[in-house]
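Asker: One predicted model, sequence on top.
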Amino acid sequence: MTLWLEATQGARQAVGYPALFVLVALGALVPVIPTGALVSSAAVVAFHQPTPAIDLLLVFGVSALAAFLGDMALYWLGLSGVRSRGGSRWLGRLRDRAAPDRLERARHGLDEHGVLVLVVSRLVPAGRIPVMLACLLAGLPMRRFARGDGPACLAWAGTYGLIGILGGSLFARPWEGVAVAVGVTLLISAAPALWRRLRPLR
């Protein structure tokens, strides 16, 4: 828990916001970083600062920008794989991380709603990669992808920031709010995998 507090101590510390930015941007490229939990934890810490409104706005802005730039970097790498004859390892990783049924739903959603489906994909656990892959396979230009991904990252940062605000408002000590925020975000992230395991038992 102490490590979480140190990693998300964005407010009033010169290293905090750059660290938050780097971790969220890397989390868009490498799925092992729990970026939702990171943003929620940073929001808890910001909530308990002397100027919470300013610090929360900074957490929101830094997180949304980092997520957007990370998504754009991953999409650019995916596009380079689509355009090359042999593909690329980044495109291959995206294919490996997108279940066929989710990819098919993402393609249908893209056909029906266009880039608006990106907003939903950022909020649904494990929804971002299948939709991004569907956009790549459909040949969606990077500029059009960016128009949908921008609002998606704003909605994502706002949602996880709100979880942090709720956790911070319930407890007087920041570490308690961080514990709740991390637990909630990890539970949300694990929900799809748990659902897939439980479905065959029904």
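Answerer: That came in fine, so what should we check first? Computed from a prediction, not measured in an experiment: that's the story for all the values here.
Asker: from the chain's centre, how far out does stretch 119-129 sit?
Answerer: 8 Å (Cα atoms, centre = their mean, to the nearest Å).
Asker: The helix or strand containing Leu79 packs against which elements?
Answerer: In the assignment (DSSP states H and E), Leu79 maps to helix 52-83. On a contact count with 3 or more Cβ pairs under 8 Å, 6 or more residues apart in numbering; DSSP states H and E, helix 52-83 meets helix 16-29, helix 35-47, helix 89-97, helix 128-137, helix 142-170. Quick note: C-beta positions are derived from backbone N, CA and C, even for glycine.
Asker: Just the buried residues of that helix, please?
Answerer: Burial within helix 52-83, assessed by neighbour count using 16 or more other Cβ atoms under 10 Å, is assigned to 52, 55-56, 58-60, 62-68, 70-72, 74-75, 77-79, 81.
Asker: could you give the angle of that helix to helix 89-97?
Answerer: Following axes from the mean of the first three to the mean of the last three Cα atoms, to 10 degrees, one obtains 100 degrees for the angle between helix 52-83 and helix 89-97.
Asker: tell me the average confidence for helix 52-83?
Answerer: Per-residue pLDDT values over helix 52-83 give a mean of 90.
Asker: angle of it against helix 128-137?
Answerer: Counting by the same axes, to 10 degrees, helix 52-83 lies at 40 degrees to helix 128-137.
Asker: contacts for stretch 17-30?
Answerer: 7-8, 10, 33-35, 38-39, 42, 58-59, 62-63, 65-67, 69-71, 73-74 (Cβ atoms under 8 Å, 6 or more residues apart in numbering).
Asker: Ignore what I typed, I meant stretch 131-139.
Answerer: Here stretch 131-139 has contacts from 71, 74-75, 78-79, 81-82, 91, 94-95, 98, 103, 106-107, 109-110, 115, 117-118, 121, 145, using Cβ under 8 Å, 6+ apart.
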